[in-house]
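1. pasting the sequence and the predicted coordinates here, then a few questions.
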Amino acid sequence: MPAADLAQHQQLQSLYASHHGWLAGWLRHKLGNASEAADLAQDTFISVLTGGHAPQIREARPFLATIARRLVAHRYRRQQLEDAYLAALACLPAELAPAPEERLLAIEALQEIDAALAGLPAPVRTAFLLAQLEGLSYAEIAERLQVSSSSVKQYLTRANRHVFFALPA
């Protein structure tokens with residue numbers, strides 16, 4: 001193993017040994033669930049490992065807490081999305097309800113779209129959702145957002161392009 005890789009490995013090992021217990025406890029206190037806290041603590045360190053940011057960390061605990069907060073927020077968003085989808089399915093007659101495999105694929109697709117939309121400014125994201133979910137026209141969206149129809153057209157072009165290129169083929 002090259003010296004640089006060895007140094008980074010030792011740095012990560014030291015970071016984990018010094019702060020994993022604290023992070024897991026902090027998350028347990030925030031979430032009230034030990035197993036979820038343990039999962040998120042591991043996910044936080046995996047994020048540090050895959051992000052390659054370990055050498056630049058100056059204040060480990062605030063850095064780890066920031067990553068953990070983002071992961072918690074992501075997990076809650078994902079759960080809200082799944083709950084909303086399942087609530088919509090509950091309104092369907094049993095014979096129209098999709099099979100469990102189809103449900104899982106739909107939830108995964110919704111999560112991918114949600115992640116793609118998260119990278120857009122709020123008005124662009126809102127315009128996209130109003131067009132796709134509520135079927136509103138450019139004029140109706142413009143009225144809701146208090147912008148021009150040409151702005152809505154630009155928003156939807158940007159959102160469609162962004163979502164198209166963000167999703168796997």
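-> Yep, it's here.

2. elements contacting the strand or helix carrying Gln132?
-> Taking DSSP states H and E as the definition, Gln132 sits inside helix 122-134. Of the remaining helices and strands, those touching helix 122-134 by 3 or more C-beta pairs under 8 Å, 6 or more residues apart in numbering; DSSP states H and E are helix 100-118, helix 138-145, helix 149-166. All C-beta atoms are positioned from the backbone trio N, CA, C, and that covers glycine.

3. want to throw these into TSV with distance to Gly25, mean neighbour count and mean pLDDT?
-> Below are the helices and strands packed on helix 122-134 laid out as TSV (distance: least, C-beta to C-beta, whole Å; neighbours: other C-beta atoms under 10 Å; pLDDT from 0 to 100):
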stretch	distance to Gly25	mean neighbour count	mean pLDDT
helix 100-118	29	14	86
helix 138-145	44	16	94
helix 149-166	36	15	90
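
4. the inter-axis angle of whichever helix in the chain runs longest versus helix 100-118?
-> Of all the segments of type helix in the chain, defined by DSSP state H, the longest one is helix 60-90. Using axes from the mean of the first three to the mean of the last three C-alpha atoms, to 10 degrees, the inter-axis angle of helix 60-90 relative to helix 100-118 is 130 degrees.

5. buried residues of helix 60-90, list them for me.
-> With burial defined by 16 or more other C-beta atoms under 10 Å, the residues of helix 60-90 counted as buried are Ala60, Phe63, Leu64, Ala65, Ile67, Ala68, Leu71, Val72, His74, Glu82, Tyr85.

6. and if you look at stretch 17-28?
-> Of the residues in stretch 17-28, those scored as buried under the neighbour-count criterion (16+ other C-beta under 10 Å) are His19, His20, Leu23, Ala24, Trp26, Leu27, Arg28.

7. from Glu59, how far off is Leu27?
-> When C-beta to C-beta, to the nearest Å is the yardstick, Leu27 and Glu59 sit 18 Å from each other.

8. hmm, I was thinking of Trp22
-> Here the criterion is C-beta to C-beta. By it, Trp22 lies 13 Å from Glu59.

9. find the centremost residue of the protein, please.
-> Relative to the mean C-alpha position of the chain, the nearest C-alpha, by C-alpha atoms, centre = their mean, is the one of His74, at 4.0 Å.

10. can you pull the pLDDT of that residue?
-> We note a pLDDT of 84 for His74 in this prediction.

11. do the same with the one 5 residues further on
-> With respect to pLDDT, Gln79 has a value of 86.

12. was I right to think Arg144 contacts Ser137?
-> No. Under the criterion of C-beta atoms under 8 Å, Arg144 makes no contact with Ser137, lying 10.7 Å away.
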